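[1] pasting the structure only:
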C-alpha cells in the first residue's frame, strides 16, 4: 500500500512539473481588442501588418526567435452563424461547422486533426496544403466571429517547410487552448 501511495505521489509530482513547465513556456500575451492568447516568452510579436481586408482583419504575426515557426492571426465575420453558439450547441451543430470549414478550405486538402477547447469555446485544428506547402489552421468561432490562426514551419530562406511534426502540432494546439475572448 505504501508503495502504491509513493508511486501515485511521485506520478502526481511529475505531472504537475510537466504542466508547470508547459505553462511557464506560455508567458507572453498576444493581445487585441478582441482576444488574448499566450505564446512562448521568447517569441516576437509583429502587428505592423495589421489591416482590415474588407471583412477580414489581419491582426499580425507571432514568430519564434529563430524564425522557424510563424503564427498569423486573422479574424472574420460569418453572418450566417450569427445566431449560433457552438459551445452550447449539439454535436450535430459542431459537425455542420466542421463541414463549413472543410468546404471553405476544400482547395487546400484540409484534414481535421483535432477538436480542442479554449476554456468553454470549442475550436478546430486543421492541416492543409496550399501552393506554398503544408500549414496548420486553428479556428475558434464565437457568435459569428471567427478567430483564425495559421501556423507555418519555415526554412532558413523563409519558404514553408511542410515537414510538420507532432511536436509542432502539439505546440500550436497548446497555444490555441490559451485563447480568451476580450469580453468573457
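    Done, it's in. All values reported here derive from a predicted model rather than from experimental measurement. Numbers count the residues shown, from 1 in each chain.
[2] can you confirm residue 95 is in a helix?
    Yes: assessed with DSSP: H, G, I helix; E, B strand; the rest coil, residue 95 lies in a helix.
[3] measure it to residue 108 for me?
    20 Å (C-beta to C-beta, to the nearest Å). C-betas here are computed from N, CA, C, even on glycine.
[4] same check, this time on residue 115
    Per C-beta to C-beta, residue 115 is found 19 Å from residue 108.
[5] sorry, back to before: residue 95 and residue 108: who's more crowded?
    residue 108 (17 against 10; other C-beta atoms under 10 Å).
[6] run through the residues that contact that one.
    Contacts for residue 108 (C-beta atoms under 8 Å, 6 or more residues apart in numbering) come out as 128-130.
[7] listing partners with orientation, what would you give for the helix or strand where residue 124 lies?
    Using DSSP states H and E, residue 124 sits in strand 121-130. Sheet pairing of strand 121-130 (DSSP bridges) gives strand 111-118 (antiparallel), strand 133-142 (antiparallel).
[8] TSV for those strands, including mean neighbour count and distance to residue 80?
    Output for the strands paired with strand 121-130, formatted as TSV (neighbours: other C-beta atoms under 10 Å; distance: least, C-beta to C-beta, whole Å):
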stretch	mean neighbour count	distance to residue 80
strand 111-118	15	21
strand 133-142	22	11
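[9] which of those strands sits closest to residue 173?
    Across the strands paired with strand 121-130, residue 173 has its closest neighbour in strand 111-118 (5.5 Å, C-beta to C-beta).
[10] which residue ranges of this structure form helices?
    Assigned by DSSP state H, the helices in the chain fall at 2-25, 91-104, 166-176.
[11] ranking those helices by mean pLDDT, which is last?
    Lowest mean pLDDT within those: helix 2-25, a mean of 40.
[12] about what we covered before: can you say which of the strands paired with strand 121-130 is nearest to residue 32?
    strand 133-142 (13.3 Å).
[13] average pLDDT across the closest one?
    Averaged across strand 133-142, the pLDDT comes to 95.
[14] am I right that residue 71 is in contact with residue 61?
    Yes: Residue 71 is within contact range of residue 61, at 6.8 Å (criterion: C-beta atoms under 8 Å).
[15] which of the two has more residues huddled nearby?
    Using other C-beta under 10 Å, the more surrounded residue of residue 71 and residue 61 is residue 71, with 24 against 20.
[16] on that earlier part again, residue 48 is nearest to which of the strands paired with strand 121-130?
    Using C-beta to C-beta, the strands paired with strand 121-130 put strand 133-142 closest to residue 48, at 21.3 Å.
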